[in-house]
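Novice: Sequence first, predicted coordinates after that:
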Amino acid sequence: MGKMTIDDLKKLREDAKNKTVLREGGDTVNITVHMGTCGIAAGAKDVMETVMEEMSQTERRDIRVINSGCMGMCSSEPNVTVEIKGQAPVIYQHVDRNKMRQIFKRHVLKGEIQTDFALAKIQ
């Protein structure tokens, strides 16, 4: 690999910035994929891959995706928490790729809570 120029570094920085979900102007949606050991064993990596695929297909820049450790509810893993500004957070349980796509398209993008998969709505 040859030496990098300032322009190369700027492009890398911009590409990395675009790939992250932290956007200027503030986030209105936070999606947390709980990835403790039990979550990963139950399929949380697939869930994270799926949400990132869905993110790449939307023009929305106000959605932030993060991971966290175990939330202590091993029997319901993989768990995903969706927080939309001004609304109570919703924890989804037993999330797989298909459920994550539905949660993203319906809850995150349209505001429709998917009660079939919801574990809890936090007040």
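Specialist: Cool, the structure landed.
Novice: So for stretch 77-87, what gets flagged as buried?
Specialist: Of the residues in stretch 77-87, those buried by neighbour count under the rule 16 or more other CB atoms under 10 Å are 77-84. C-beta coordinates here come from the backbone N, C-alpha and C atoms, glycine included.
Novice: now, among those, which is nearest to residue 115?
Specialist: When the buried residues of stretch 77-87 are compared for distance to residue 115, the smallest value, 12.6 Å, is given by residue 82; criterion: CB to CB.
Novice: so is that closest one in a helix, a strand, or just coil?
Specialist: Judged by DSSP: H, G, I helix; E, B strand; the rest coil, the three-state class of residue 82 is strand.
Novice: do residue 91 as well
Specialist: Here residue 91 is recorded as strand under three-state DSSP.
Novice: For stretch 107-114, measure first residue to last.
Specialist: Taking CA to CA, to the nearest Å as the measure, stretch 107-114 stretches 7 Å from start to finish.
Novice: quick one: average pLDDT of that stretch?
Specialist: Average pLDDT, stretch 107-114: 94.
Novice: on that earlier part again, include pLDDT when you put the buried residues of stretch 77-87 into TSV, please.
Specialist: Compiled in TSV, the buried residues of stretch 77-87 are given as follows (pLDDT from 0 to 100):
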residue	pLDDT
77	94
78	95
79	95
80	96
81	95
82	96
83	94
84	92
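Novice: how about those residues in a markdown table, adding distance to residue 107?
Specialist: As requested, these are exported to a markdown table (distance: CB to CB, whole Å):
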| residue | distance to residue 107 |
| --- | --- |
| 77 | 19 |
| 78 | 16 |
| 79 | 14 |
| 80 | 10 |
| 81 | 11 |
| 82 | 5 |
| 83 | 11 |
| 84 | 8 |
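Novice: And the residues you listed, which is closest to residue 38?
Specialist: Each of the buried residues of stretch 77-87 was scored against residue 38 by CB to CB, and residue 77 proved nearest at 5.0 Å.
Novice: ok, now which ones touch the closest one?
Specialist: 34, 36, 38-39, 41-44, 93-94 (CB atoms under 8 Å, 6 or more residues apart in numbering).
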